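Q: how would this look folded up:
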Amino acid sequence: MRILLIEDNEELAEAVADYFKHLGHPLDWVGSAEEAERILAYQAFELLILDINLPGKDGYQFLKSLRRQGKSVPVLVLTARAEIDDRVSALDLGADDYLVKPFDFRELAARSRALIRRERGSASNEVRCGNLVFDPASRQVAVNDEPVDLRAREVQLLEVFLLNLDHVMTKEDLADKLYTFNEAHTPNAIEQTLTRLRKKLSDSSLVIKTIRGMGYLAHVDD
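A: Take a look at the predicted model:
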């Protein structure tokens, strides 16, 4: 999942970014609501993690504007404000969850996964495609009940395809979901990762086709 963190505490933001990177999730962060709005004008994210006490426009104002624009991206509020009135205000303005600082990183990650599941209409973490099973929480993959050893980037690419089955994905689409703004990648990086992924999943029901001149399409071969 591609995440945008809106947090003006640089030390905390870097810690959250490092934690999600360790889990295999690309996370970008900005220090103000205004920066977030500029980015959201051209880049899609699966989840926003939002602080309330921000310089300039605060989190409440950002939420109100976001929902007025009809954007339904899940928003997890992460703030030091612990009063019930603050929780109610955030949720009524369109927040999907609310977590008070200080917090446990494991809970933040679990709540993030839960919001993504809810957005996708799924009650379970597990994604099953024929004989392939993927657990986003543990980042584990199995084919015919046998574990498959994948590198972090391969897991990320697999997750993107599983969440976009039967949709053509261009290289640009994949790059947008795999890399943060600060990560450099070569034009052939995705192809190299895809080649390794296909080889490791050769016995699975998941087929990733190259659509000449368009991109890639993943589907389940029953």
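
Q: which residue ranges make up the domains of the protein?
A: For the chain, automatic domain parsing gives the domain ranges 3-120, 127-220.

Q: right, and Lys101 touches Ile52 too?
A: No - with contacts counted by Cβ atoms under 8 Å, Lys101 stays clear of Ile52, the gap being 10.2 Å. Glycine gets a C-beta too; all of them are placed from N, C-alpha and C.

Q: looking only at neighbour counts, state which of the two leads.
A: Ile52 (21 against 13; other Cβ atoms under 10 Å).

Q: that one and Val77 touch, don't they?
A: Yes - using Cβ under 8 Å, Ile52 is in contact with Val77, at 6.4 Å.

Q: find residues that contact each of these two.
A: Residues touching both Ile52 and Val77 (Cβ atoms under 8 Å, 6 or more residues apart in numbering): Gly59, Ala90.

Q: shared neighbours of Lys101 and Ile52, which are they?
A: Joint contacts of Lys101 and Ile52 (Cβ under 8 Å, 6+ apart) are Thr79.

Q: tell me the most buried of the domains of the chain?
A: Greatest average neighbour count among the domains of the chain goes to domain 3-120 (a mean of 17), per mean count of other Cβ atoms under 10 Å.

Q: pLDDT of it, averaged?
A: Averaged over domain 3-120, pLDDT sits at 94.

Q: now that domain: how far from the chain's centre is it?
A: 12 Å (Cα atoms, centre = their mean, to the nearest Å).

Q: so Lys209 belongs to a strand, correct?
A: Yes - per DSSP: H, G, I helix; E, B strand; the rest coil, Lys209 lies within a strand segment.

Q: could I get the contacting residues of it?
A: Contacts of Lys209 (Cβ under 8 Å, 6+ apart): Tyr216, Leu217, Ala218, His219.

Q: now, which of those residues lie within strands?
A: Tyr216, Leu217, Ala218, His219 (DSSP state E).

Q: turn the residues you listed into TSV, including distance to Arg111 and pLDDT.
A: Shown next, in TSV, are the ones in strands among the contacts of Lys209 (distance: Cβ to Cβ, whole Å; pLDDT from 0 to 100):
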residue	distance to Arg111	pLDDT
Tyr216	31	94
Leu217	32	95
Ala218	28	95
His219	31	93
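
Q: which of those sits closest to Leu132?
A: Ala218 (10.7 Å; Cβ to Cβ).

Q: what separates the residue lying closest to the closest one once chain neighbours are set aside from Thr193, distance-wise?
A: Leaving out its chain neighbours, the residue that sits closest to Ala218 by Cβ to Cβ, 6 or more residues apart in numbering is Phe161, at 3.8 Å. Phe161 sits 11 Å away from Thr193, going by Cβ to Cβ, to the nearest Å.

Q: these two touch, right, Leu165 and Asp221?
A: No - here Leu165 lies out of contact with Asp221, judged by Cβ under 8 Å, at a distance of 11.4 Å.
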